[in-house]
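Visitor: what follows is a predicted protein model with its sequence.
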Amino acid sequence: MQKTLIDFKNISSFPKLTRDYYSGIDELNSLYKYAPSIESFRQAIADRSALPINRKLLTEVLLKQNKNASKDAIRNIELLIDDKTFTVVTGHQLKIFTGPLYFIFKIITVINLAKELKKAYPENNFVPVYWMASEDHDIEEINNFNLFGKTMVWDTDQKGAAGKLDTKSIVIILDQLDELLGESDNAKYLRDLFNNAYEESQNLAEATRYLVNELFGKYGLVIVDADDAQLKYEFKDCMIDDLISHSNYTIVNKTISNIQDDYKIQVNPREINLFYMKDGMRERIVNPSEDKFEILNTDLSFTKAEILNELEIHPERFSPNVMLRPLYQQRILPNLAYIGGPSEIAYWLEYKAMFDYNKINYPIIMMRCSALWIDDNNLTKLSKLNIEPASLFSNTELMIKEYIQNNSNSNFDFTKEKDSITEMYNNISKNAALIDKTLVSSIEAELQKHLNSLSSIEEKLIRAQKKKMETTINQIRGIKSKLFPNDGLQERYDNFIPYYLKYGQEFFDILFENLQPFDGKLAIIS
């Protein structure tokens, strides 16, 4: 087994804001509180310790939610009553059958982070947490996963919060899997795992909790379902401010205005960043006038007094959106760090001023580990072609062009010739300008014609060489297509099932060994 690291800044598919954050450029210093390093945790521990948290309530709720969890997870929950115990969190939607590989990478990152922190700060305890996005209502984002080149889809017309969806109709996918998995020991384990998760559970939150706990509970992972009335009551003051004052909207928009010329904005705030949930429905709350609050796409409406009373009596009916959820997380957990994907990091960096306003400590923001898994078959092919795995991250056509240039007796790169011609024409242009400035434009036009001609010859030579090397080039395209499905990262497409079928628990063991949270780089595991 080999491990090669690729710097995040070289992964063009990651948002520029995230890449610049991990590059440590000074211009972004105001967007975060701590650098993503192990040394930063000493100050984060001190800062988080200074803020109050209802540890007793948190422990009671989590013990109730995790009554069927592993002994290691229960032990970690019980540790949360101690003010020297802190959490590190990752969160994700309830994608069926775990969705793409990066969900697995998120969980492994947060578990490994807790282990590394215990080594560095042995006087404290660190609990890895998976925050289930059980209130998300975008069913089309969670009802599918890719397996063996096919998209498996859970066809359901249910609506509302994902965690409350009944899972009985997933039996159709279970039947399809039964035919695909085979009869190996690993296949039997997965078959039992999925059947128990989806057939024996009342809803998707319960099924996901079972699935994740079975896979990762032995590592002490604690699962949080924030769709809880008691936990939301702890967040009541922030929800009131968002409903009535719209402060978060103003504050985050100010941050966005400062960075939008240089970076793509991931999340735009709304005046009210809460949904209303009830009876299979989760819809936005809007405030068309000072004393009127409406629930979009329904006939429901409230006066100011009525909605505040509703929040007091039924906090569970109010659901934070993607902007308010981070505040909620940091209010109820003794949390030090959030582990997110590249786009998540980018939108968390919009929120620092909002945390300051709400007097909630902004956590250390860390990228989840990212990886490309190259099996022995494709590694052998790359070796025979003398292609380094790191070069796979280049554009496919540029990669093929470079391969042809490196493996041909002819020179297809006319850069030197173009530079020489350009220098010659520039000299002619300077001399001509001394005589008649109107001649300069025609000389420049002639230069461009020559450069275009050289580019055309270059492309013709490359096409001819491609034809001679067609078999090899098709092999390169095949490898690239296999490792980068749909021209995207493997981790955003493949499900873990094929890897577990082939390697079993060893697949996870290798990931735990190689996905180290402070690498700050994508790992090529081959």
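Guide: Alright, I've got the coordinates.

Visitor: could you pull out the helices for the stretch 151-300 of the chain?
Guide: 171-181, 185-199, 204-216, 229-233, 236-244, 247-259 (DSSP state H, counting those that start in this stretch).

Visitor: quickly compare the ones you listed and say which is most buried.
Guide: helix 204-216 (a mean of 23; mean count of other Cβ atoms under 10 Å). Bear in mind the C-beta positions are built from the backbone N, C-alpha and C, glycine included.

Visitor: quick one: mean pLDDT over it.
Guide: For helix 204-216, mean pLDDT rounds to 97.

Visitor: same thing with stretch 32-43?
Guide: The average pLDDT within stretch 32-43 is 97.

Visitor: now do the end-to-end distance for it.
Guide: Stretch 32-43 stretches 14 Å from its first residue to its last (Cα to Cα, to the nearest Å).

Visitor: and for that stretch, what are the contacting residues?
Guide: Contact with stretch 32-43 is made by 21-22, 24, 44, 116-117, 120-121, 336-337, 349, 352, 361-367, 518, 520, as judged by Cβ atoms under 8 Å, 6 or more residues apart in numbering.

Visitor: in it, which residues are buried?
Guide: Of the residues in stretch 32-43, 32, 33, 34, 36, 38, 40, 41 count as buried by neighbour count, 16 or more other Cβ atoms under 10 Å.

Visitor: nearest to residue 249, of those?
Guide: residue 32 (20.9 Å; Cβ to Cβ).

Visitor: pull up the gap between the closest one and residue 26, please.
Guide: To residue 26, residue 32 is 12 Å away according to Cβ to Cβ, to the nearest Å.

Visitor: check residue 111 too.
Guide: Counting by Cβ to Cβ, the gap from residue 111 to residue 26 is 33 Å.

Visitor: one more: residue 346?
Guide: 18 Å.

Visitor: ok, these two, which is more surrounded?
Guide: residue 346 (25 against 6; other Cβ atoms under 10 Å).

Visitor: residues in contact with that one?
Guide: Per Cβ under 8 Å, 6+ apart, neighbours of residue 346: 15, 17, 18, 263, 264, 266.

Visitor: between those residues, which sits nearest residue 232?
Guide: Of those, the one sitting nearest to residue 232 (Cβ to Cβ) turns out to be residue 266, at 24.9 Å.

Visitor: count the residues that sit near the residue nearest to the closest one when sequence neighbours are not counted.
Guide: Leaving aside its sequence neighbours, residue 266 sits nearest to residue 347 (Cβ to Cβ, 6 or more residues apart in numbering; 3.8 Å). With neighbours defined by other Cβ under 10 Å, the count for residue 347 comes to 20.

Visitor: cool, residue 381 as well?
Guide: Neighbours of residue 381 (other Cβ under 10 Å): 16.

Visitor: then residue 294?
Guide: Residue 294 has 19 neighbours, counted by other Cβ under 10 Å.

Visitor: please apply the same query to residue 165.
Guide: If you count neighbours by other Cβ under 10 Å, residue 165 ends up with 26.

Visitor: against residue 157, how distant is it?
Guide: Taken as Cβ to Cβ, the span from residue 165 to residue 157 is 10 Å.

Visitor: then residue 345?
Guide: With distances taken as Cβ to Cβ, residue 345 is found 35 Å from residue 157.

Visitor: these two - which one has more neighbours?
Guide: The residue with more neighbours, out of residue 345 and residue 157, is residue 345; 26 against 6, by other Cβ under 10 Å.

Visitor: quick revisit: sec struct for the residue nearest to residue 266, please.
Guide: Here residue 347 is recorded as helix under DSSP: H, G, I helix; E, B strand; the rest coil.
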